[in-house]
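Undergrad: Kindly return the folded structure for what I paste below:
(one chain, ligands or ions: 1)
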Amino acid sequence: MTIAETPLRTVWLEQFRAALGEANVYGPGTPELSGYVDPYAFGEQLPPAAVIRPSTVAEIQDCLAVAREHGIPLWTVSRGRNFAYGGPEARLPGTVVCDLGRMDAVISVDDTAGVAIIEPGVSFQALDEHLRKIGSSLAVSVPDLSWGSPVGNTLERGFSYTAHSEHQAMQCGMEVVLADGDIIRTGMGALPGAETWAMYRGSYGPGFDGLFYQSNFGIVTKMGIWLRPRPERSAVCSITIRDDNQLGALIDTLRPLMLTGTIQSNAVIGNTAIVASTMTARDHWYDGPGVMPDTAVRAAMDEFHLGRWNAQFGIYGSPALLAARIAEIREAIAAIPGVEFVFDEYECDVDPGDVAPEHRTQLGIPSNDAISMIGWRGGEPAHADIGLVSPAKGEAVDTLRTLVAARVESARLDYTVGFMVWPRHIVAMNLIMFDRSDPDQKDAIGPLIEQVITDAAAAGFGIYRAHTAHMDLAADQYSFNDHASRRFAERLKSALDPAGILAPGKQGIWPQAMRPST
Ligand code: ADP
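TA: Residues are numbered from 1 along each chain as shown. I've put the predicted structure just below:
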């Protein structure tokens, strides 16, 4: 029996309603609950017992008191767009989703220091609009889809495509409500009145921000983020390489340019199929089952002038700086056998409509256009993401892609990959597109991800983020010293939240009383 079925249900529902108002609680059986399931589920969808929508920290504290009284687990989302990893769906039946979408204030923007403090419900799109509205000199760095929030995305270690692409490196200070209702401010936020809360990532004593990344130790209600000055001029470099074997050479060419800061953004390197998916559906070349044959891949390359590997990155600065950077980058890239490349330059005040759609993320222009990619297999479009961390070294990436491609293709799915390249590491984002209405494709996803997680870990490649269905398995791989990392996390969880009120099982972290046997 889940909490939603117990005789007490009216009591806790009424208490939530008293705390938030009737309109901000979606009870069992209400149609709104269908918006809080995993839209790309490859197993059964799990609707929540209810949804609560607090709008203040005090309301969150009131809701936590209700949850503690009745032992109801809460699963917090900011904008709930964590698609491909479970969306807003919780791990356990009977969970109430705590949707922070109404906490959508941009609390402060400091143009002088280049920082902002925001609430969780602020989307990338809304932050961009706010900065433009107030005439700020600062700009957001946006991921592929701007409907999500900087807070949710950062907490899950998401990324974007400018000089501020690594969101965890651009986060500074948080406010967090703990399971017992206590409120902490991390970093300099602990010093009352300190102007430096969102400016200095240290503090006095240990740092706590990292504790709230991919964890279940608290509800983040404010976050400081560093914003980038709107660049005077930007350029996007686009590279195509038709020889499959030159991926490693490309990575080994980009890395030194990134280590010196000559290239300021990360680079994204997509294979033919993933770039083609941004332009049209797979049945344009092939509508059969199984893996898209190489003849069809070649047809896509010819039709859209694609390479086996297609890279892009951004560079920014004054005209003089940009010219100097381009000259150095041009010389290095030209040495790759068979490479073709072009630089497209844009002025600061370019009309977003005049920017090529494929360059918009490098310019920080919000958009949700990339969602069209998931129509690759037609039917009921969905994707599952497997992101693996590799050294930014050509040889390592060749090992990883051989391993993953073999498993994806033996599951009779297309290998569609984008390598996100930073100076020292790469996140290999395997976006596996599938048609949820096709049982063969849908049923292949879960076992495929499990196999890739374990086989990649055995080869030293860790998963960077996991779907709710695979959180325990993913955590299992990080096993140094008899799983000391997870044991440490669970000692904290048991101390902070012994009853498992906050997202039990998230990232494979359970309080002692709830730990499933492994
Ligand atoms: P987005 O805002 O990008 O749509 P989500 O709201 O789906 O992202 O958040 C992704 C995940 O991050 C959630 O499933 C949840 O586990 C965690 N999370 C998001 N926001 C918070 C928050 N404010 N406090 C604690 N955890 C959060």
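Undergrad: and Asp385, how many neighbours?
TA: Neighbours of Asp385 under the rule other C-beta atoms under 10 Å: 18. From N, CA and C alone the C-beta is placed, and that goes for glycine too.
Undergrad: what's the nearest residue to it if we skip its chain neighbours?
TA: Leaving aside its sequence neighbours, Asp385 sits nearest to Ala84 (C-beta to C-beta, 6 or more residues apart in numbering; 4.1 Å).
Undergrad: next one: Pro447
TA: Closest to Pro447 by C-beta to C-beta, 6+ apart is Ala411, at 7.4 Å.
Undergrad: ok, now which ones touch the one you found?
TA: The contact partners of Ala411, taken as C-beta atoms under 8 Å, 6 or more residues apart in numbering, are Ala444, Ile445, Pro447, Leu448.
Undergrad: which SS class is Thr237?
TA: Quick fix: residue 237 is Cys, not Thr. Following DSSP: H, G, I helix; E, B strand; the rest coil, the label given to Cys237 is strand.
Undergrad: Contact partners for the closest residue to it other than its chain neighbours?
TA: Sequence neighbours aside, Phe343 is the residue nearest to Cys237 in space, at 5.2 Å (criterion: C-beta to C-beta, 6+ apart). Contacts here follow C-beta under 8 Å, 6+ apart; on that basis Phe343 touches Ala235, Val236, Cys237, Ile326, Arg330.
Undergrad: what about 7 Å?
TA: Ala235, Cys237, Ile326 (C-beta atoms under 7 Å, 6 or more residues apart in numbering).
Undergrad: and it, that's in a helix?
TA: No. Going by three-state DSSP, the assignment for Phe343 is strand, not a helix.
Undergrad: roughly how far apart are it and Arg68?
TA: 57 Å (C-beta to C-beta, to the nearest Å).
Undergrad: the helices in the chain, which residues?
TA: Secondary structure of the chain, counting by DSSP state H: helices at 9-20, 57-70, 124-133, 150-155, 247-259, 272-276, 294-304, 319-333, 394-410, 439-458, 471-477, 480-496.
Undergrad: and the second one, which residues are buried?
TA: Just to be clear, that refers to helix 57-70. Val57, Glu59, Ile60, Gln61, Asp62, Cys63, Leu64, Val66, Ala67, Arg68, His70 (16 or more other C-beta atoms under 10 Å).
Undergrad: And the fifth one, by the same measure?
TA: Of the residues in helix 247-259, Leu247, Gly248, Ala249, Leu250, Ile251, Thr253, Leu254, Arg255, Leu257, Met258 count as buried by neighbour count, 16+ other C-beta under 10 Å.
Undergrad: how many other residues sit next to Ser160?
TA: 25.
Undergrad: show me the contacts for Ser146.
TA: Ser146 makes contacts with Ser123, Phe124, Gln125, Pro366, Ser367, Asn368, as judged by C-beta under 7 Å, 6+ apart.
Undergrad: can we see that at 8 Å?
TA: Contacts for Ser146 were tallied using C-beta under 8 Å, 6+ apart; they are Ser123, Phe124, Gln125, Asp128, Pro366, Ser367, Asn368.
Undergrad: Could you do Tyr415 as well?
TA: If you count contacts by C-beta under 8 Å, 6+ apart, Tyr415 has them with Asn271, Ala273, Val291, Val404, Ala405, Val408, Glu409, Asn430.
Undergrad: Touching stretch 351-369 from outside, list them.
TA: Contacts of stretch 351-369 (C-beta under 8 Å, 6+ apart): 124-125, 128, 139-147, 160-162, 228, 234, 236, 238, 265, 278, 312-314, 344, 346, 350.
Undergrad: Could you give the bridge partners of the residue nearest to Ala198 when sequence neighbours are not counted?
TA: Nearest residue to Ala198, sequence neighbours excluded (C-beta to C-beta, 6+ apart): Gly224, at 2.8 Å. Here Gly224 sits in beta bridges with Ile117, as judged by DSSP bridges.
Undergrad: Neighbours of the residue in the stretch 201-350 of the chain positioned nearest to the ligand, how many?
TA: Using C-beta to the nearest ligand atom, the point where the stretch 201-350 of the chain gets nearest to the ligand is Val220, with a distance of 3.7 Å. Val220 has 23 neighbours, counted by other C-beta under 10 Å.
Undergrad: do you know how far it is from Thr154?
TA: 9 Å.
Undergrad: If I look at Ala370, what pLDDT would I see?
TA: Ala370 is assigned 89 on the pLDDT scale.
Undergrad: I figured it hits Leu145, correct?
TA: Yes. The pair Ala370 / Leu145 is scored as a contact, 5.9 Å apart, by C-beta atoms under 8 Å.
Undergrad: Gln219 against Met174, yeah?
TA: Gln isn't right for residue 219; it's Ile. No. The pair Ile219 / Met174 is not scored as a contact, 10.4 Å apart, by C-beta under 8 Å.
Undergrad: Show me the shaky parts of the stretch 1-150 of the chain.
TA: 1-9 (pLDDT under 70).
Undergrad: Close to the ligand: what parts of it are there?
TA: Applying C-beta under 6 Å from any ligand atom, we find that the stretch 1-150 of the chain lies next to the ligand at Thr76, Val77, Ser78, Arg79, Gly80, Arg81, Asn82, Pro88, Leu100, Pro120, Gly148, Ser149.
Undergrad: quick check, nearest of those residues to Gly462?
TA: Asn82 (19.2 Å; C-beta to C-beta).
Undergrad: tell me the contacts of that closest one?
TA: Pro88, Gly148, Gly152, Glu156.
Undergrad: farthest pair in those residues?
TA: The distance between the two most remote of those (C-beta to C-beta) is 12.7 Å, for Pro88 and Glu156.
Undergrad: Please say which of these two ends up with more neighbours.
TA: Taking neighbours as other C-beta under 10 Å, Pro88 and Glu156 compare with Pro88 leading, 25 against 19.
Undergrad: my read: that one touches Tyr36, true?
TA: Yes. Between Pro88 and Tyr36 there is a contact at 4.7 Å, judged by C-beta under 8 Å.
Undergrad: Is the residue of the stretch 201-350 of the chain closest to the ligand in contact with Asn153, as I believe?
TA: No. With contact defined as C-beta under 8 Å, Val220 does not reach Asn153; the gap is 11.9 Å.
Undergrad: Got the domain ranges for this protein?
TA: Split into domains by automatic domain parsing, the chain comes to 3-99, 106-229, 233-469, 478-514.
Undergrad: Based on its surroundings, how many neighbours for Ala327?
TA: 10.
Undergrad: okay, it: pLDDT?
TA: Here, the pLDDT recorded for Ala327 equals 98.
Undergrad: For Arg233, see how far away the residue nearest to Cys237 is.
TA: 11 Å.
Undergrad: repeat for Tyr161
TA: 17 Å.
Undergrad: which of those two has more neighbours?
TA: Higher neighbour count among Tyr161 and Arg233: Tyr161, with 25 against 18, using other C-beta under 10 Å.
Undergrad: For the residue nearest to the spatial centre of the chain, list the residues it contacts.
TA: Closest residue to the average C-alpha location of the chain: Gly158 at 3.4 Å, with C-alpha atoms, centre = their mean. Going by C-beta under 8 Å, 6+ apart, Gly158 touches Pro143, Gly148, Gly152, His167.
Undergrad: Kindly indicate which of the residues you listed lies nearest Lys493.
TA: Gly152 (20.3 Å).
Undergrad: Look at the closest one and report its pLDDT.
TA: pLDDT at Gly152 comes out at 98.
Undergrad: What is the neighbour count of it?
TA: Gly152: 23 neighbours (other C-beta under 10 Å).
Undergrad: got a list of what it touches?
TA: Val77, Ser78, Arg79, Gly80, Arg81, Asn82, Pro120, Gly158.
Undergrad: who wins for neighbours among these?
TA: Most crowded among the contacts of Gly152, counting by other C-beta under 10 Å, is Ser78 at 29 neighbours.
Undergrad: on that earlier part again, quick check: neighbours shared by Pro88 and Tyr36?
TA: With C-beta under 8 Å, 6+ apart, Pro88 and Tyr36 have common neighbours Gly80, Val97, Asp99.
Undergrad: Take these and keep only those in strands.
TA: Val97, Asp99 (DSSP state E).
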